[in-house]
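K.L.:
From the sequence below, what's the structure:
(2 chains)
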Amino acid sequence: DVKVTQSSRYLVKRTGEKVFLECVQDMDHENMFWYRQDPGLGLRLIYFSYDVKMKEKGDIPEGYSVSREKKERFSLILESASTNQTSMYLCASSWGGPQETQYFGPGTRLLVL
Amino acid sequence: AQSVTQPDIHITVSEGASLELRCNYSYGATPYLFWYVQSPGQGLQLLLKYFSGDTLVQGIKGFEAEFKRSQSSFNLRKPSVHWSDAAEYFCAVGPFTGGGNKLTFGTGTQLKVEL
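P.N.:
Down below sits the predicted model:
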């Protein structure tokens, strides 16, 4: 089975802190994704990566950055956390190609105080 | 720009009743369509997908969906709902213009099952 793990299930941070969310997949997938999930808004793509050191902006990249130094690991960085970044963050990975399934991690629920 | 509409935010059905969750999409070419389910406290899991061939697709857990190009719809159905089907369901369409497999997700439908 494909396994996508996220470093924390719950996280509480202060406004202005730098926050790192880590995601690791064990299937050698080319593509990795970071989504934000908010009630009534569904999933919105923050960033995705189609190869090591490659990244593309999604729909809502403002206030976020990403890093992919190794194929299996994709990090989401909140440079200076703000209260409006309180949300559920979901990581996913997939093979390349538009028909491929995305496999999701369990999510990190982030609260910024 | 592509988009996905799930017009029902919440749906309640009795256990054993049939279910249909609606999904309408806007896309300029032949779409790739997906249904995912999110159980409480968990990530999303693929139920089924369509990208070509038979327009009626079968998925896991007894779910099926039908692609209707003329109606730009991809509705999810199950003939008899089980209490364990209570979850949030997301329809998604892709790919983004420019390739890859980025998806646009709908806002989700929360399913409640009454015993």
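K.L.:
rest of the way, CA atoms for contacts and neighbours
P.N.:
Fine.
K.L.:
Helix, strand or coil: sort out residue 101 for me.
P.N.:
All of this refers to chain A. Under the three-state scheme (DSSP: H, G, I helix; E, B strand; the rest coil), A:Thr101 adopts coil.
K.L.:
I was after chain B.
P.N.:
coil.
K.L.:
what sits against it?
P.N.:
Residues near B:Asn101 by Cα atoms under 8 Å, 6 or more residues apart in numbering or on different chains: A:96-100, B:94-95.
K.L.:
ok, of the residues you listed, which come out buried?
P.N.:
Burial by neighbour count, judged by 16 or more other Cα atoms under 10 Å in any protein chain shown, picks out A:96, A:98-99, B:94-95 from the contacts of B:Asn101.
K.L.:
Which of these fall in strands?
P.N.:
By the criterion of DSSP state E, membership of these in strands covers B:Gly94.
K.L.:
Just want the most central residue of chain A.
P.N.:
A:Trp34 (2.8 Å; Cα atoms, centre = their mean).
K.L.:
what pLDDT does that one get?
P.N.:
On pLDDT, A:Trp34 comes in at 97.
K.L.:
Which residues of chain B lie near chain A?
P.N.:
Residues of chain B lying close to chain A (Cα under 8 Å from any Cα of the partner chain) are B:9, B:32, B:41-46, B:51, B:90, B:94-95, B:99-102, B:104-108.
K.L.:
Any idea what the residue nearest to the centre of chain A is bridged to?
P.N.:
A:Tyr47, A:Cys91 (DSSP bridges).
K.L.:
need the contact list for it.
P.N.:
So A:Trp34 contacts A:45-48, A:76, A:89-92 (Cα under 8 Å, 6+ apart).
K.L.:
Show me what the nearest residue to A:Ser8 once chain neighbours are set aside is bridged to.
P.N.:
Leaving aside its sequence neighbours, A:Ser8 sits nearest to A:Thr108 (Cα to Cα, 6 or more residues apart in numbering or on different chains; 5.7 Å). Note on A:Thr108: beta-bridge partners A:Tyr89, judged by DSSP bridges.
K.L.:
how far does stretch A:5-19 sit from the chain's center?
P.N.:
Centroid separation between stretch A:5-19 and its chain, computed with Cα atoms, centre = their mean, to the nearest Å, is 12 Å.
K.L.:
my guess is B:Val93 meets B:Leu33, correct?
P.N.:
Yes: shown here, B:Val93 and B:Leu33 form a contact pair, counting by Cα atoms under 8 Å, at 4.7 Å.
K.L.:
Chain neighbours aside, what residue packs nearest to residue 11?
P.N.:
Looking at chain A here, since you left the chain open. A:Leu110 (4.8 Å).
K.L.:
hm, I was asking about chain B
P.N.:
B:Leu111 (5.0 Å).
K.L.:
who are the neighbours in contact with the one you found?
P.N.:
If you count contacts by Cα under 8 Å, 6+ apart, B:Leu111 has them with B:10-13, B:85-89.
K.L.:
So which of those residues sit within strands?
P.N.:
Among the contacts of B:Leu111, the residues falling in strands (DSSP E) are B:10-13, B:87-89.
K.L.:
Show me which residues of chain A sit near chain B.
P.N.:
A:40-44, A:50, A:90, A:96-107.
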